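[1] Model the structure of this input:
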Amino acid sequence: MTRPRGLAPLIDAASAYYRGAGRFAWHFARGKLGGDPVFAAILARGLLSGRARILDLGCGQGLLAAWLLAAHSCHASDAPHLWPQGWPAPPWLRHYTGVEINPHEVARARHAFALDPGADLQIVHGDIREVDYGSADAVVILDVLHYLDQRAQEQVLRRVRGALGPGGLLLLRVGDAAGGLGFTLSKAVDHTVALVRRRRWIRLQCRPLRAWERLLSGCGFRTHALPMSEGTPFVNVLLRAELA
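    Sure, this is the predicted structure:
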């Protein structure tokens with residue numbers, strides 16, 4: 001998918017949440033929202049259309065929430081050129097729960113949204129293998145499951161299925177372990193990130209795309225794979241998984 005021009009107002013509005021959370025939080029938000037194709041794809045393709053209650057597992061500093069809130073504001077504004085031409089209306093985020101294990105990320109997320117009176121957001125400090133998921137219309141897991149062992153991956157996905165009602169949706173981004181050099185590079189980056197954030201080496205539990213699809217099918221989902229590496233050297237795939 002070719003990302004359209006005119007994303008600057010969205011990026012400005014979303015990253016503005018982090019101005020009071022420190023220079024790192026603000027610069028990271030701008031770089032990630034502008035450079036990671038998944039954020040534009042979620043809005044341009046309407047992947048969360050009609051989903052008002054969203055559970056974000058491994059949410060980091062809550063970039064998805066900031067992105068969706070900014071999208072709603074830009075779309076509703078009368079000012080010209082704030083919303084990319086041809087994009088569908090963004091989802092109305094009625095409730096968002098983000099779960100993150102890193103306390104520094106949690107602190108940045110909570111600070112970012114503390115003064116927004118119109119946002120019903122909850123940032124939970126905890127392990128996605130253990131916290132209560134509650135119920136949701138959609139669950140989003142971006143670049144997280146490969147940090148868990150394969151048994152825990154399946155347990156999380158089965159718990160996700162239990163949290164989703166009829167017509168529930170899972171957006172799961174994974175790396176394709178059959179992706180050759182691009183996968184090797186992305187795995188090296190993930191190892192580096194894990195070392196920086198957790199101060200220890202973590203064995204990544206990666207799977208080829210077909211194995212991820214089989215796992216999701218076994219958990220009751222039907223899937224559609226969307227390439228999600230445009231503009232990057234990686235081989236990431238976004239799996240749009242609906243309850244079968």
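[2] from here on, contacts and neighbour counts on C-alpha atoms
    Fine.
[3] Wasn't Trp26 part of a helix?
    Yes. Under DSSP: H, G, I helix; E, B strand; the rest coil, Trp26 sits within a helix.
[4] Is the closest residue to it other than its chain neighbours in a helix, a strand, or coil?
    The spatial neighbour of Trp26 that comes closest, neighbours along the chain excluded (C-alpha to C-alpha, 6 or more residues apart in numbering), is Tyr18 at 4.8 Å. Three-state assignment for Tyr18 (three-state DSSP): helix.
[5] Starting from Leu170, give me the distance back to Tyr18.
    Taking C-alpha to C-alpha, to the nearest Å as the measure, Tyr18 falls 27 Å from Leu170.
[6] mind listing the helices for this protein?
    For the chain, the helices defined by DSSP state H cover 8-15, 23-35, 37-44, 63-76, 103-113, 150-163, 181-198, 209-218.
[7] got the buried residues for the fifth one?
    Okay, so that is helix 103-113. In terms of neighbour count (16 or more other C-alpha atoms under 10 Å), helix 103-113 has its buried residues at Glu105, Val106, Arg108, Ala109, Arg110, His111, Ala112, Phe113.
[8] That helix - contacts with which helices or strands?
    On a contact count with 3 or more C-alpha pairs under 8 Å, 6 or more residues apart in numbering; DSSP states H and E, helix 103-113 meets strand 121-125.
[9] and if you look at the fourth one?
    Secondary structure elements in contact with helix 63-76, counted by 3+ C-alpha pairs under 8 Å, 6+ apart, are helix 8-15, helix 23-35.
[10] Show me the one of those that comes nearest Ile42.
    helix 23-35 (11.6 Å; C-alpha to C-alpha).
[11] Show me what the closest one is in contact with.
    Residues outside helix 23-35 that contact it (C-alpha atoms under 8 Å, 6 or more residues apart in numbering) are 7, 11-12, 14-19, 39, 61, 63, 67, 108, 231.
[12] Mind doing that once more with 6 Å?
    Residues outside helix 23-35 that contact it (C-alpha atoms under 6 Å, 6 or more residues apart in numbering): Ser15, Tyr18, Arg19.
[13] out of these, which are buried?
    Buried by 16+ other C-alpha under 10 Å: Ser15, Tyr18, out of the contacts of helix 23-35.
[14] Adding distance to Leu216 and pLDDT, write the contacts of helix 23-35 out as CSV.
    Output for those, formatted as CSV (distance: C-alpha to C-alpha, whole Å; pLDDT from 0 to 100):
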residue, distance to Leu216, pLDDT
Ser15, 33, 97
Tyr18, 35, 96
Arg19, 38, 93
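[15] any idea which of the helices and strands packed on helix 63-76 is most buried?
    Mean neighbour count, computed with mean count of other C-alpha atoms under 10 Å, is highest for helix 8-15 among those, reaching a mean of 20.
[16] What lies in contact with that one?
    Applying C-alpha under 6 Å, 6+ apart, the contact partners of helix 8-15 are Trp26, Ala29, Arg30, Ala66, Trp67, Ala70, Leu82.
[17] send the alpha carbons of stretch 33-50 over as CSV?
    In CSV, the C-alpha atoms belonging to stretch 33-50 read as follows (Å, rounded to 0.1, in the frame of the first residue of the first chain):
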residue,chain,number,x,y,z
LEU,A,33,4.0,7.1,13.6
GLY,A,34,5.7,8.5,10.5
GLY,A,35,7.9,5.5,9.7
ASP,A,36,5.9,2.4,10.6
PRO,A,37,3.4,1.6,7.8
VAL,A,38,1.0,-0.2,10.1
PHE,A,39,-0.4,3.0,11.5
ALA,A,40,-1.4,4.5,8.2
ALA,A,41,-2.7,1.1,7.0
ILE,A,42,-5.0,0.8,10.0
LEU,A,43,-6.8,4.0,9.0
ALA,A,44,-6.4,3.9,5.2
ARG,A,45,-7.9,0.4,5.0
GLY,A,46,-10.5,1.0,7.7
LEU,A,47,-9.2,-2.1,9.6
LEU,A,48,-10.7,-1.0,12.9
SER,A,49,-13.9,0.5,11.4
GLY,A,50,-16.9,-0.1,13.7
